[in-house]
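>>> structure for the following, please:
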Amino acid sequence: MSDAALFIPTQNTLSTPPADVRSALHVRLEEAALNATAVGSQVLYDGWLVRFARSPAKRVRSVNVLGLSTRPLDERLAYCSTLYARHGLPMVMRVTSIGPDFSLDADLEARGYIYTGETRVMSMPLAPRPCVGGDLLFRIVDSDRFAAAVGAMRGSSAGHIHEHQSRLQGLAVDKQPVLAIDAAGQCVAGGLAVRDGDLLGLFDIVTDPGHRRKGYAAVLVEHLLAEGAAGGATTAYLQVEPENTAARALYGRYGFKDCYAYWYRLPAEQTDT
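The predicted model follows:
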């Protein structure tokens, strides 16, 4: 699906996306991404999955809409606001272009919730491919080592690294945390592949700041795709911000295309979240 076909909100979004935007594949991709980022502290409430991870990533500390609700919206918002206050976290609503509640975005905007943080979900058919060569050694590591290495490359705090480690340890789906090691024995990149049935998700693709623009991320992605295809995955997906043009260009070369979008709505008093 091209960018032009995506439903992207504006400051006065009142339209409804086409019904066929919520395809069976899109729903499965959304489920798989939630499984790949599952958290230990969450509540299921009237069709909403409310998550409370102490992470800089909003997707693991936001309200995710799984189904249509029965209670009035203001009642649901008040309930979730109380939950987030109890956990000492700001309230964040995550809205997707595939619904299922296609009126939610406009309803939140009418209540003063501010739009922020659009992300595109990209996917591609995945066929068997040759294993990648080159000078890098790809090493599968445990969750603790992976989160520590990725956190160091990102400059994450100790608390955020610990949260990432705990979240990875708790995943129920198959995961492959991989570090790329150069000829000098230095970790230069990392990436997480998560397989959920025939779907392969790529997460935490990070290159060490001192080794960027050397093609390491491209080689790592190629390795993860080859391993995923060999393991039986037939569709690959990932999530990337639209302004990250370098990453989008890289993924586009492999055949990844936009298939749907998600974004966040924050109460006006929390727009610095």
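>>> which stretches of the stretch 51-200 of the chain form helices?
Secondary structure of the stretch 51-200 of the chain (DSSP state H, counting those that start in this stretch): helices at 73-86, 104-110, 143-154, 158-169.
>>> out of those helices, nearest to V206?
Closest approach to V206 among the helices of the stretch 51-200 of the chain is made by helix 143-154 (4.8 Å; C-beta to C-beta). Glycine gets a C-beta too; all of them are placed from N, C-alpha and C.
>>> which positions in the closest one come out as buried?
S143, D144, R145, F146, A147, A148, A149, V150, G151, M153, R154 (16 or more other C-beta atoms under 10 Å).
>>> check contacts around the fifth one.
The one in question is A147. A147 makes contact with I161, H164, Q165, L168, P177 under the criterion C-beta atoms under 8 Å, 6 or more residues apart in numbering.
>>> need the winner for burial among the helices of the stretch 51-200 of the chain.
Across these, averaging neighbours per residue (mean count of other C-beta atoms under 10 Å) puts helix 143-154 on top, at a mean of 20.
>>> where in the chain is pLDDT low?
For the chain, the stretches with pLDDT under 70 are 1-21, 133, 271-273.
>>> what about 50?
1-5, 10-20 (pLDDT under 50).
>>> quick revisit: can I get the helices of the stretch 51-200 of the chain in TSV with distance to I181?
Conversion of the helices of the stretch 51-200 of the chain to TSV gives the following (distance: least, C-beta to C-beta, whole Å):
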stretch	distance to I181
helix 73-86	40
helix 104-110	44
helix 143-154	10
helix 158-169	20
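>>> how about these, which one is nearest R212?
Here helix 143-154 is closest among those (C-beta to C-beta), at 10.1 Å.
>>> and the closest one, how far from the chain's centre?
Remark: helix 143-154 is offset 17 Å from the chain centroid, using C-alpha atoms, centre = their mean, to the nearest Å.
>>> list the buried residues in stretch 226-246.
A226, E227, G228, A229, A233, T235, A236, Y237, L238, Q239, V240.
>>> isn't A218 right next to L250, touching?
Yes - taking contacts as C-beta atoms under 8 Å, A218 lies within contact range of L250: 5.8 Å.
>>> show me the contacts for M122.
Shown in contact with M122 (C-beta under 8 Å, 6+ apart): Y237, L238, Q239, V240, R248, Y251, F256, K257, D258, C259.
>>> could you list which of those residues belong to helices?
Members of those lying in helices (criterion: DSSP state H): R248, Y251.
>>> export the contacts of M122 to CSV and tack on distance to P72?
Output for the contacts of M122, formatted as CSV (distance: C-beta to C-beta, whole Å):
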residue, distance to P72
Y237, 34
L238, 36
Q239, 31
V240, 35
R248, 39
Y251, 40
F256, 39
K257, 38
D258, 34
C259, 32
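>>> follow-up on the earlier one: of all the contacts of A147, which comes closest to I114?
Nearest to I114 among the contacts of A147, counting by C-beta to C-beta, is H164 at 27.0 Å.
>>> partner residues bridging the residue nearest in space to the middle of the chain?
Nearest to the geometric centre of the chain sits Q239, at 5.1 Å (C-alpha atoms, centre = their mean). In this entry, Q239 is beta-bridged to V121, by DSSP bridges.
>>> follow-up on the earlier one: take the buried residues of helix 143-154 and lay them out in TSV including distance to R120.
Shown next, in TSV, are the buried residues of helix 143-154 (distance: C-beta to C-beta, whole Å):
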residue	distance to R120
S143	27
D144	30
R145	30
F146	25
A147	25
A148	29
A149	26
V150	21
G151	24
M153	23
R154	21
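>>> C131: which of the residues you listed is nearest?
Distances from C131 to these, taken by C-beta to C-beta, are shortest for F146, at 20.7 Å.
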